[in-house]
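Participant: Here's my sequence, what's the structure:
(8 chains, ligands or ions: 10)
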Amino acid sequence: MKKIFGRPASLKANPFHYCPGCGHSILHRLVAEVIDEMDIRGHTIGIPPAGCAVLAYNYFDVDMVESAHGRGCAIATGVKRARPDCLVFTYQGDGDISAIGTAETLHAANRGELITSIFVNNAVYGMTGGQMAPTTMLGQKTSTSPYGRRAKVEGYPLKITDLIANLPGAAYVVRTSLATPAKVNATKKAIRKGFEIQRQGLGYALIEVLSPCPTNWKLSSVESFKYLEDVMEKEFVPGVLKDITKEKA
Amino acid sequence: MKKIFGRPASLKANPFHYCPGCGHSILHRLVAEVIDEMDIRGHTIGIPPAGCAVLAYNYFDVDMVESAHGRGCAIATGVKRARPDCLVFTYQGDGDISAIGTAETLHAANRGELITSIFVNNAVYGMTGGQMAPTTMLGQKTSTSPYGRRAKVEGYPLKITDLIANLPGAAYVVRTSLATPAKVNATKKAIRKGFEIQRQGLGYALIEVLSPCPTNWKLSSVESFKYLEDVMEKEFVPGVLKDITKEKA
Amino acid sequence: MAVNGMITIDKSLCKACELCISVCPEGAIQLSDEINPKGYHPAEFIKERCKGCSLCALMCPEVAIEVYRER
Amino acid sequence: MAVNGMITIDKSLCKACELCISVCPEGAIQLSDEINPKGYHPAEFIKERCKGCSLCALMCPEVAIEVYRER
Amino acid sequence: MLQKIMMSGIGGQGILFSGICIAWAAMEEGQYVTYLPSYGAEMRGGITSCTIALSDEEIASPVASSPDYLVIMDNQSLLRLQNQTVSGGEVFINSNMVTDRPVRGDIEVLEIPVNDIAKNSVGIRYANMVMLGAFVGRTRLVKPVTILDNMAAILGKGKDRFKAANIEALKAGIDYFSQGGGRA
Amino acid sequence: MLQKIMMSGIGGQGILFSGICIAWAAMEEGQYVTYLPSYGAEMRGGITSCTIALSDEEIASPVASSPDYLVIMDNQSLLRLQNQTVSGGEVFINSNMVTDRPVRGDIEVLEIPVNDIAKNSVGIRYANMVMLGAFVGRTRLVKPVTILDNMAAILGKGKDRFKAANIEALKAGIDYFSQGGGRA
Amino acid sequence: MSANKVLMKGTDAIAEAAIQAGCRCYFGYPITPQNEIPEYMSRRMDEVGGVFLQGESEIASINMVHGAAATGARAMTSSSSPGISLKQEGLSFLAAQEIPAVIVNIVRGGPGLGNIAPSQGDYYQATRGGGHGDYRMPVFAPASIQELYDITMESFDIADIYRTPVMIIGDGMMGQMMEPIVKHAQPPADLPPKDYILTGAQGRPSRILRSLILHPPEMEEHNWKLKRKYDLMRQTLPRHEEYMIDDAKMVVVAYGTAARIAKGAVKRARAEGLKVGLMRPITLWPFPDEAVAAIAKKAKLFLVFEMSTGQMIDDVKLAMSGGVECEFYGRPGGVVPAPQEIQRIIERHWLQKEL
Amino acid sequence: MSANKVLMKGTDAIAEAAIQAGCRCYFGYPITPQNEIPEYMSRRMDEVGGVFLQGESEIASINMVHGAAATGARAMTSSSSPGISLKQEGLSFLAAQEIPAVIVNIVRGGPGLGNIAPSQGDYYQATRGGGHGDYRMPVFAPASIQELYDITMESFDIADIYRTPVMIIGDGMMGQMMEPIVKHAQPPADLPPKDYILTGAQGRPSRILRSLILHPPEMEEHNWKLKRKYDLMRQTLPRHEEYMIDDAKMVVVAYGTAARIAKGAVKRARAEGLKVGLMRPITLWPFPDEAVAAIAKKAKLFLVFEMSTGQMIDDVKLAMSGGVECEFYGRPGGVVPAPQEIQRIIERHWLQKEL
Ligand SMILES: Cc1ncc(C[n+]2csc(CCOP(=O)(O)OP(=O)(O)O)c2C)c(N)n1
Ligand SMILES: Cc1ncc(C[n+]2csc(CCOP(=O)(O)OP(=O)(O)O)c2C)c(N)n1
Ligand code: SF4
Ligand code: SF4
Ligand code: SF4
Ligand code: SF4
Ligand code: SF4
Ligand code: SF4
Ligand SMILES: [Mg+2]
Ligand SMILES: [Mg+2]
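Facilitator: Ligands and ions are numbered 1, 2, ... in the order given. Have a look, this model is predicted:
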């Protein structure tokens, strides 16, 4: 029989340090697959976040420079402006990209920087132990919202992706989910599109990926994927928020 | 004859340090008039920016605490949470509120902080000598965009007001202009509404005011007011972007 | 037609931006020849014409104008 | 109906999240009794059933699954 | 005299709570005590451990480079820690979970079928308390009764419902050696 | 010998450029020179000034607490600076703009109808160059010709179109004293 | 001894002490190893009707503290090394506007992202003002959970008395460790009236809190005024612990976690008959200069032990102003050496110097 | 003398020197008194095909520098005090990841918003690492426009040779002042190959630039490795100017603007027959310890003059390690005293000490 599915070449052999059932792991594989399929490993530069994915450089077999928490898009801007020939992507969590990194993200998008951001939305601060994130759901209990997130006190789940879709500098803005195999495939397509948009010099690309954090959601892996689909996707509705290639057409 | 127009009581006697024809001066008077009319001088706390209006505390006869550049909304959040009984407003320029202060502004709005921000958009960094601002117009020459702002390089004029109008925490979001006496009156109404929204505990209020900077626009005062109306208002269209009291109705 | 308004201009505050002049429907304001301590030629009120519409005061950045009106 | 697929599971990588099991349309995967070095009961492949649809591999966070198919 | 105990298991085995019980009892008995858990990224996925230091005088370092006692709930913990104990130290092992055995000959190994005992009392979830019982029952570093008496306080408010089961399991563990378990 | 000149006027009167002309000429003549403009918030609206220090040896401080020469283009500048000059210093005044006069008797005041002279040559916009001409024409701190010869370079690329007028105005100023102006 | 003692971890002791001290406004952003402070506050502030808010960043948090403290509230924030770097501008503003606040730094390994293990690499930043301009702030380095509790409480008084930000420095070990402590209420202190705070100008002239002073002579006066305040603190605040100093020929100087370990080492060395003592600075700024100078008169050798490559040693040398010899031993990066190790170092120097 | 000289202001000299040194990536955010640097770059980078980008903040700017420098580009940013405080986390990361970059701080009066007048209040922040963790970086303090030009150029080489951020410190006076300078091209230097930069992993193993080192022993090794690098710099980089030192009984120590004024004062004092000299540190870190120590052997009295309430004086005292007496004179807040004033101070001490 012939092998139809295996480990992508751009993914180093190191086993993941992520928790069982963590979406980061799946997403890492997808990114590596896209890098393989586009054959761009040799001229890709990645920027991992401060977050559970801080060690992403142990997995992606491409050049990578670690970023201070939230500054991924500023570093990527520096990298891309100095090396326009390289494909540059940031990999960031919800806290990284939409809390401390809000300004860097918005302004990079507004400048239409030719970079691609992969934004892993798991509605909590995973690495630091499950504190409230800008994307935490109303009523969701976290270690810093022990009474559940209250709109009046902690504000509403922040949808930075929606905001960025309004910026002329953004060329491709999409929200996907990892809830099912079909959605995993859709996510991979979105990542590829996000990379191609950059290669075509069309503008900033943002792929938000709804991803489970079983550990901090205190759910089993299987339950957490169900929660992803049944609850989180209701608040953060997947879909293409902007695609200038379509608009042009 | 009886006096029908004079200096508001909440405006200290100090002459303004602003340049001739500067919009800050007009706006200061409007804010003071509203404070007088609402009779809230005694329980209002203001936060001036780093910007030409850094010395606003020399003019407003209310308690004021100076902010680090761009952090007005964070300081206002601290003030308001500690003193919910006070009416708290920030007074910020375009660089202050939408460049370095992007994160603080967006998140305060998203939390629906009960504060009111008066955002003076003059399309440049006035205080520091006319550098490019997030709101600088495409093609506009400034001391750091000597070739005119280029969308591909410096990005597009950023409309943080439009973004904030999308946030559920924002209750009242409006853009006005100082171009004519009628618009000056409209601006004053907007400020009053922004303060009342806060008093009613409805959420964050943002009043963006298009304002001339004759000095850095290198225009006469009268010309700069014309530019305001003929050019800037075309890019930054005045109007009510959000008003939940209307929506409710 | 009778004068029904008047304004006073605090010349020490005036910065000669001419905004008042540009909005006055009656052309009741002009720059004077004198130089004020700030080094500007301050605006001055030309009697007779004023209607007391306050447009000038609304635009005056320096709050240098006070407006008076009959009734 | 003939087997037309098979998978291999690298048990040393498996963290027993059971995602593969939850998505396998043929119920061709289950957790084994053994304990792997990581301390998990790794998933194991039950022959016969597999259609080689790859759904399990698509969901496997640890990239522990390889899929083979006839033709 | 300074005594250091290191307890280790897979996250969720409740070993940290067992450690706190010892520390709390020591405090009640007027001993000097420090309790130090492993923290942060270390925890991700794998093993959690804690170190308890007991003494009749001020304790300098809460860290144990070479603990006098090891309490091991799973195999990974054993592999990681077995070489650290002092020569002559005692190693308590959950024989139901730990497949390997220490290779060193200079330490005393005590095997306790913690899971079995737990199953036969209040359930596997309380394995950590069984182990704790066995440990204090044998070492008497703190009086078992001190833990029993303070269980409510240690659990903290709102946790009373777990008190009975914890005590149950603890007793089961305490009995183990007194009923000639272990090397037998 | 160290000589310090302070020049002051309302923003836009071009006094800073006049100062640069002196500094540039001094450089060309091989003198040590520093030029220091007022900067930042000071500028807002009001007065701009600059200080030029000339010397035959290294210059320590570019700041002038008590300048040897004052060049005053407007009244505010006079009020602010008149007390700073050294006793025996010279004060050059634009008599068309400066209404007051220095009260001190220990300084020499030179009045130049700068605006009139400018109007009669290339226009009021070049008043600053007239004043510069009068200043160097009389003090000879730098040779007038050095400024004239280097005008193009001082203006910098793309500014040639202003060269003629500047030179014109400069000459008008230089002539002033040589034609017995001033106290006459 | 166990009289009403409770077993508490460092982070919780800090948080609870703040509550007991009347702190009703906490603003912070998660970062390991201090997350238990905001987590504790998120539960506790609700109970006492205070304000807990997780800022969108460390910068937002310190500025929220600025705002709350400007109104007279007792406000606090906490973070760890990288987050504290981000607060430097805010700290400079608090110092400049003379606004009281308490800042906790549970130091981690650095520079950069570093790690989350115990470290003392932020000594310079804390004591030399990592922010811009001429300012200082009191910096406390407790070495036990009880001390963490007591000093946190006291810090709020000190902040109010001197109108200054106060920093408390710990590390992951201090933060995570549990020890028995006695909880108690804030001891009374007579505090100056807060006549500068913003409450709305009802019935009084409006107030301004600012640091912009464009006129150099005024700015200079402000700088000297602050300097005088710092000089006063230098007289009143220095605090340290001495252990077996009297007859000591050799004195180990260490603070915080390092001091605990050093104490164990000193005990062991004493048992070996070596006349060694421990000097533990409790305030890192103002540094206990006089105490060090006094010891320098008697002792023959100083050994500075830090969990860094050497920062406090500058202050020790400045304080003893020559005279005694001063050796250094450092373990940066999060390695927590055993007392035995420090004992060996002590013994080696003892022999080398033939004390 | 005027041979191909040009009259240049400090900020322009810095910017042009950077261009000449091959800097093709500048990222910065406006702040007085250094706006002329970004303004110059915004024109010039376009001419030389380089990158000028005004970041949305100082934090964004330093991180853009981080990214550009990570790819091997010569990158630079500039700011003034408050903005430099915001860059502290970024500086710590550059130091930790050993990425070369040049940072200019045109210091203004502080703390807080302060003012824009000349000040030396950021000495501690620059030399003690205002950022977190155990790191240092070379800090240069030029005192003339020519020196600003030359040192800016050289800084890029030093940054590359030691893989370190380098800071250049000036003040508003240095930045705004014009002096004649000789422009010249970058002198050749042999630089180590940049085998760590990110260019895409084509045909080679992928590279990582990181500072997270979770395992304490590894982190410790990294800290010691950096320490060894800093020790090497301590040997190779210290630089200073001596003026009339040989027979001096009294030596004034001052840097930057203060040193210019002090030099004028020393000349005047010499004219009065007082044997006074000037020691001007050009590198603030590493501090010219040995030079100070050597002078301390001969001179009887040091007078440290700073435009702050006293910061460098710590380093002077540490360097001379007791021995000589050391007096201080400070003018913070932006007041630029005349040489005459410093001369009076010199004379007063001369008489008091009966030199
Ligand atoms: C300046 C700074 N602040 C805080 C932290 C601590 N920190 C590391 S990751 C993180 C957020 C993690 O959440 P997220 O970005 O959502 O990523 P996730 O772990 O959930 O994937 C925080 C607060 C840090 N490393 N640096
Ligand atoms: C941290 C910091 N960065 C930069 C500055 C310098 N600065 C002061 S105001 C300002 C921007 C002014 O522009 P804007 O906010 O639009 O206000 P305007 O003067 O135009 O009214 C800047 C960059 C500062 N004071 N602090
Ligand atoms: S904490 Fe959550 S996000 Fe982080 S590795 Fe575990 S599951 Fe994944
Ligand atoms: S610079 Fe512009 S904004 Fe500032 S005071 Fe002058 S005119 Fe107003
Ligand atoms: S009040 Fe009206 S009419 Fe009178 S001067 Fe003013 S603008 Fe003119
Ligand atoms: S508007 Fe006011 S400031 Fe302007 S000219 Fe008229 S009076 Fe003078
Ligand atoms: S390939 Fe399809 S059928 Fe085969 S095991 Fe995987 S999921 Fe089941
Ligand atoms: S999905 Fe992968 S890791 Fe999860 S149980 Fe199946 S094989 Fe194991
Ligand atoms: Mg997250
Ligand atoms: Mg502006």
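Participant: which one is the residue positioned nearest the centre of chain E nearest to, not counting chain neighbours?
Facilitator: Centre of chain E computed as the mean C-alpha position; nearest residue by CA atoms, centre = their mean is E:Leu132, 4.5 Å away. Leaving out its chain neighbours, the residue that sits closest to E:Leu132 by CB to CB, 6 or more residues apart in numbering or on different chains is E:Ser18, at 4.1 Å. The way it works is simple: take the backbone N, C-alpha and C, and place the C-beta from them, glycine included.
Participant: what does whichever helix or strand the one you found is part of rub up against?
Facilitator: According to DSSP states H and E, E:Ser18 maps onto helix E:15-28. Applying CB atoms under 8 Å, 6 or more residues apart in numbering or on different chains, the external contacts of helix E:15-28 come out as E:5, E:7-9, E:32-35, E:37, E:48-52, E:54, E:71, E:73, E:128-129, E:131-132, E:135-136, E:141-143, E:146-147, E:149-151, E:153-154, G:2, G:5, G:7, G:178, G:180.
Participant: Surely G:Val182 touches G:Gln146?
Facilitator: Yes - using CB atoms under 8 Å, G:Val182 makes contact with G:Gln146 at a distance of 6.9 Å.
Participant: For these two, work out which one has more neighbours and name it.
Facilitator: For G:Val182 versus G:Gln146, the count of surrounding residues by other CB atoms under 10 Å in any protein chain shown is larger for G:Gln146: 17 against 14.
Participant: quick one, helices of chain A?
Facilitator: Ranges of helices in chain A, per DSSP state H, are A:23-38, A:72-82, A:94-95, A:102-110, A:151-154, A:160-165, A:181-199, A:214-217, A:221-227, A:233-235, A:244-248.
Participant: any chance of those in TSV, with distance to chain C, mean neighbour count and mean pLDDT too?
Facilitator: Listed next are those as TSV, based on distance: least, CB to the nearest CB, whole Å; neighbours: other CB atoms under 10 Å in any protein chain shown; pLDDT from 0 to 100:
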stretch	distance to chain C	mean neighbour count	mean pLDDT
helix A:23-38	56	23	98
helix A:72-82	38	30	98
helix A:94-95	44	30	98
helix A:102-110	32	29	98
helix A:151-154	39	16	96
helix A:160-165	35	23	98
helix A:181-199	47	19	98
helix A:214-217	55	23	96
helix A:221-227	58	20	98
helix A:233-235	47	14	98
helix A:244-248	42	10	85
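Participant: Just send the ones you listed back as TSV, with distance to G:Phe328 too.
Facilitator: Listed next are the helices of chain A as TSV, based on distance: least, CB to CB, whole Å:
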stretch	distance to G:Phe328
helix A:23-38	42
helix A:72-82	36
helix A:94-95	39
helix A:102-110	40
helix A:151-154	47
helix A:160-165	48
helix A:181-199	51
helix A:214-217	42
helix A:221-227	50
helix A:233-235	56
helix A:244-248	61
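Participant: How much space separates G:Gln340 from G:Lys267?
Facilitator: Taking CB to CB, to the nearest Å as the measure, G:Gln340 and G:Lys267 are separated by 11 Å.
Participant: ok, now G:Arg24?
Facilitator: On the measure of CB to CB, G:Arg24 and G:Lys267 end up 42 Å apart.
Participant: Pick out the residue of chain A closest to ligand 6.
Facilitator: A:Asn110 (36.2 Å; CB to the nearest ligand atom).
Participant: Between G:Gln340 and G:Lys267, which is the more surrounded one?
Facilitator: More crowded of G:Gln340 and G:Lys267, by other CB under 10 Å: G:Lys267, with 18 against 14.
Participant: how close does that one get to A:Pro238?
Facilitator: 63 Å.
Participant: Please name the residues that touch residue 96.
Facilitator: Since you didn't name a chain, this refers to chain A. A:Asp96 touches A:49-51, A:69-70, A:72, counting by CB under 8 Å, 6+ apart.
Participant: looking at chain G here, not the other one
Facilitator: Neighbour list for G:Ala96: G:133, G:135, G:211, G:222, G:226, H:110-114 [criterion: CB under 8 Å, 6+ apart].
Participant: before we move on, back to that, what kind of secondary structure is the residue nearest to the centre of chain E in?
Facilitator: helix (DSSP: H, G, I helix; E, B strand; the rest coil).
Participant: so it sits right up against E:Gly173, yeah?
Facilitator: Yes - applying CB under 8 Å as the test, E:Leu132 and E:Gly173 come out as touching, 6.2 Å apart.
Participant: most surrounded residue in the contacts of A:Asp96?
Facilitator: Neighbour-wise, the contacts of A:Asp96 (other CB under 10 Å) top out at A:Gly72, 35 neighbours.
Participant: residues in contact with it?
Facilitator: Shown in contact with A:Gly72 (CB under 8 Å, 6+ apart): A:47-49, A:90-92, A:96-97, A:101, A:104-105, A:117.
Participant: now whichever residue of chain C sits closest to chain E, what's its secondary structure?
Facilitator: In chain C, the residue that lies nearest chain E is C:Pro61 (56.8 Å; CB to the nearest CB). With three-state DSSP as the basis, C:Pro61 sits in coil.
Participant: can you pull the contacts of it?
Facilitator: Counting by CB under 8 Å, 6+ apart, the residues that C:Pro61 touches are B:16, B:18, B:20-26, C:15, C:17, C:19.
Participant: Just the buried positions in the host helix or strand of G:Asp231, please.
Facilitator: Using DSSP H and E, G:Asp231 maps to helix G:216-236. The neighbour-count check on helix G:216-236 (16 or more other CB atoms under 10 Å in any protein chain shown) flags G:216, G:219-220, G:222-224, G:226-227, G:229-230, G:233-234 as buried.
Participant: In the chain, which residue is most central in space?
Facilitator: By default, I'm working from chain A. Centroid-nearest residue in chain A, with CA atoms, centre = their mean: A:Phe119, separated by 2.0 Å.
Participant: nope, chain G please
Facilitator: For chain G, by CA atoms, centre = their mean, the most central residue is G:Phe140; offset 2.6 Å.
Participant: For the residue in chain E sticking out farthest from the centre, give me the pLDDT.
Facilitator: Within chain E, the residue lying farthest from the chain centre (CA atoms, centre = their mean) is E:Gly158, at 23.9 Å. You'll see E:Gly158 listed with a pLDDT of 86.
Participant: returning to what we had before: so which of the helices of chain A is nearest D:Thr8?
Facilitator: Nearest to D:Thr8 among the helices of chain A is helix A:23-38; the distance by CB to CB comes to 16.3 Å.
Participant: So that closest one, near chain E or not?
Facilitator: No - no part of helix A:23-38 sits near chain E under the criterion CB under 8 Å from any CB of the partner chain; the closest distance found is 11.3 Å.
Participant: Direction included, what does the lengthiest strand in chain G pair up with?
Facilitator: Under DSSP state E, the strand in chain G containing the largest number of residues is strand G:101-109. Here strand G:101-109 has these sheet partners by DSSP bridges: strand G:75-79 (parallel), strand G:115-118 (antiparallel), strand G:165-171 (parallel).
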